[in-house]
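**Q** Just need the structure, nothing else, for what follows:
(2 chains)
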There are 2 protein chains.
Amino acid sequence: MTPPELAIIGGGQLARMMQQAAVGLGIHIRLLAEAPDVSAAQVIPDHIVGDYTDLATLREAVADAPVVTFDHEHVPPEHLNALASEGHACRPGPHALLFAQDKGSMRERLGAMGVPCPRNASVTTLDDLEAFGYPAVVKTTRGGYDGKGVWVVRAAADADEAFASGRDLLAEELVDFRRELSALVARSPSGEVRSYPVVESRQVDGVCSEVIAPAPDLDPALDAEARAIAERIATELDVTGILAVELFETTDGRLLVNELAMRPHNTGHWTIDGAHTSQFENHLRAVLDLPLGPTESRDTWSVMVNVLGGSVDDLVAQRAVVEAAEPGVKIHLYGKTVKAGRKVGHVTAYGPQLDEVLSSARRAAKIFGG
Amino acid sequence: MTPPELAIIGGGQLARMMQQAAVGLGIHIRLLAEAPDVSAAQVIPDHIVGDYTDLATLREAVADAPVVTFDHEHVPPEHLNALASEGHACRPGPHALLFAQDKGSMRERLGAMGVPCPRNASVTTLDDLEAFGYPAVVKTTRGGYDGKGVWVVRAAADADEAFASGRDLLAEELVDFRRELSALVARSPSGEVRSYPVVESRQVDGVCSEVIAPAPDLDPALDAEARAIAERIATELDVTGILAVELFETTDGRLLVNELAMRPHNTGHWTIDGAHTSQFENHLRAVLDLPLGPTESRDTWSVMVNVLGGSVDDLVAQRAVVEAAEPGVKIHLYGKTVKAGRKVGHVTAYGPQLDEVLSSARRAAKIFGG
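**A** Sure thing, here's the model as predicted:
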């Protein structure tokens, strides 16, 4: 067997969907999976099982792979530096990944770049927070996701759990936003950058629920500004692969950067069925320094709705019910055991009428969710 | 690990592309591969390696799989009957597959159904062939593919090799055709049938070279007739999964059935990127008796061009050259070692202008072929 072109650390659904794109491109992937039966290990034959926080395990996984990329942002930076010094191209590299791993560093860097962000400050004590003022959003600088590690603080008592966490904390203004947007770009080590149409992302309880591409009625100037912000961040931070920039569109028509993710992102899943090149294919093309593919939408509207674990345990059996009700909806199951609220798949619908597309995707997701 | 939903016999590119569709649908496939490194074994973790002509090996491969389908039509019918009697649903079943395996049986059955076919006769001796008349196309009834086992006979001497083969032979009139068409349908055990737009298929030396979807300037009555023929054959022969009906469009505007294939077919590869549901996804949905997906084209024109082995040995490295020249072309590599004339991949382009789409796909295939 030829050596892998690429090693992926982490066996979640993002690695699984990278493999879907890799098959056509003929990319041999080596996977480091957390357990034998995780989402991506089910579809990538060349995988080893082990702990990504253990350097020896990482070395074994990437041994004969010239390029390394990631399903998540949790690999310790010192291990990435070690792999890089041993000749593996980590994409994105630890110098870029830092700004997705640490919200404090991200805010500092974006601030220095003049990128519009919510007002923010590092807070160590309640006095710091009082000085910052209420209402505030308090976040752990590291490790938060899907609403975890985030507290909306309107009075001192709301911050108890945050300070009890013992984590480094960041306070941000509670932004009065009209909606959340996401700007996705792919960037290769050679510096080629391509941005996707800006999408609207709708959250429920801090978890992405649905994405509409393109964001309806978005002012073209804001679309261009969001794409320019994402392209500039990708370039100045030397991101390789996909960068997702989550933004607030404020009620007074400004854009503020909320979060960065340096990997294929939930707000880009619509691209598998809805864009000329999926974010997963462009992530692979970018990290392998191949020319990027076109990022335009294939249809007027694409809608992605997450399938969250609900009362249906057997998603495979439920597939037939979904297909009978919504034969045109594209189904993406992640091979995960259903747990309440867990992302276990997504569905995509596309077409000329937004209301039809949206209700079709929602119905399908609801049948899966139960 | 849960038991497989489906076993696939044969590890070629068709099984590989079925796996691409299976990932999203969450279908766990067990593969019987001819060798450890064949095309589909590279992307299906749950595979065993063995000989599909050996019943014990087949039994091991399908052991806990309720449904069995195929990458090719070469599994001995008696083995399929054995698997079926042991409770495995073979889709398509041996009673249908017979008509794809044996051209004599196919001609007899289609003739009885009144389906338009080239004039034909079984020939055992040169006298039989002389009685049939020249020019004739002489074919082995079994095992021919991609122009192998087919002789154009204009005089007795042209038939020497055919008779020397010792195989059962069929003589057919040499049809004066304008072009070759292909009608693809998916049919489920429940009887649901969906047909794809009829395509034009262009052959070089008996090997499919390129496919244009839909067939340009096809009389709508012929499109409807071709689809009706394919739907009727699928239904009356009880085909499950994809059926491809290759047809001649004669110079005087009639349709004649040339060949049948009961599996995803080279003339349907365009559907991966060009139709709402790929033939591979609909094959899986059909053999698992799931509701079928829409078969319409997503774009005005889709063109598929085969990548045949040429002077380029390293297709993976050549990918970057193709992507730089034709960033919008969709690449499908099969993970096969390059040999002269071997199908090692295909490319697809789609868009509103046929001439642009065609030249784009041809250029990309030529860069791969060298």
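**Q** Would you enumerate the residues in contact with the most centrally placed residue in chain A?
**A** Residue closest to the average C-alpha location in chain A (CA atoms, centre = their mean): residue A:265, at 2.5 Å. Each residue near residue A:265 by CB atoms under 8 Å, 6 or more residues apart in numbering or on different chains is listed here: A:182, A:184, A:242, A:244, A:279. Quick note: C-beta positions are derived from backbone N, CA and C, even for glycine.
**Q** Next: residue A:237.
**A** Applying CB under 8 Å, 6+ apart, the residues contacting residue A:237 are A:96, A:99, A:109, A:243.
**Q** low pLDDT regions in chain A?
**A** For chain A, the stretches flagged by pLDDT under 70 are A:1, A:144-147.
**Q** now the farthest one out in it, which residue is it?
**A** Residue farthest from the centre of chain A, counting by CA atoms, centre = their mean, is residue A:127 at 33.8 Å.
**Q** Phi first, then psi, for it.
**A** Reported as degrees, to the nearest 10, the phi and psi values for residue A:127 are phi -60, psi -40.
**Q** and which of the contacts of residue A:265 is nearest to residue A:354?
**A** Proximity of the contacts of residue A:265 to residue A:354 (CB to CB) peaks at residue A:182, which lies at 17.4 Å.
**Q** Pairing partners for the closest one in the sheet, please.
**A** Beta-bridge pairing for residue A:182 (DSSP bridges): residue A:199, residue A:246.
**Q** which residues sit in contact with it?
**A** Counting by CB under 8 Å, 6+ apart, residue A:182 has contacts A:198, A:199, A:200, A:201, A:211, A:244, A:245, A:246, A:247, A:265, A:267, A:268.
**Q** ok, of these, which come out buried?
**A** A:198, A:199, A:200, A:201, A:211, A:244, A:245, A:246, A:247, A:265, A:267, A:268 (16 or more other CB atoms under 10 Å in any protein chain shown).
**Q** The first one contacts residue A:180, correct?
**A** Okay, so that is residue A:198. No: between residue A:198 and residue A:180 there is no contact, the gap being 10.9 Å when judged by CB atoms under 8 Å.
**Q** I'd assumed residue A:184 was in contact with residue A:195.
**A** Yes: counting by CB under 8 Å, residue A:195 does reach residue A:184; the two are 6.9 Å apart.
**Q** Overlap in contacts, the two.
**A** Here residue A:195 and residue A:184 share the contacting residues residue A:230, scored by CB under 8 Å, 6+ apart.
**Q** Quick check: phi and psi at whichever residue of the stretch 201-350 of chain A sits closest to chain B.
**A** The nearest approach of the stretch 201-350 of chain A to chain B comes at residue A:333, 3.2 Å away (CB to the nearest CB). Backbone dihedrals for residue A:333, given as degrees, to the nearest 10, come out at phi -100, psi 150.
**Q** Okay, and which of the contacts of residue A:265 map to strands?
**A** With strands taken from DSSP state E, the overlap with these comprises A:182, A:184, A:242, A:244.
**Q** Leaving out the residues flanking it, which one is nearest to the last one?
**A** Once flanking residues are discounted, residue A:244 sits nearest to residue A:265: 3.5 Å by CB to CB, 6 or more residues apart in numbering or on different chains.
**Q** where's the one you found relative to residue A:89, distance?
**A** Distance of residue A:265 to residue A:89, computed by CB to CB, to the nearest Å: 22 Å.
**Q** again with residue A:357
**A** Taking CB to CB, one finds residue A:357 at 39 Å from residue A:89.
**Q** for residue A:11, same thing?
**A** Residue A:11 is 21 Å from residue A:89, by CB to CB.
**Q** neighbour count winner among the two?
**A** Ranked by neighbour count (other CB atoms under 10 Å in any protein chain shown), residue A:11 and residue A:89 place residue A:11 first, with 27 against 18.
**Q** Nearest residue to residue A:64 in space, please, no chain neighbours.
**A** That would be residue A:3: by CB to CB, 6+ apart, it lies 4.0 Å from residue A:64.
**Q** what helix or strand does that neighbour sit in?
**A** Using DSSP states H and E, residue A:3 is not contained in any helix or strand.
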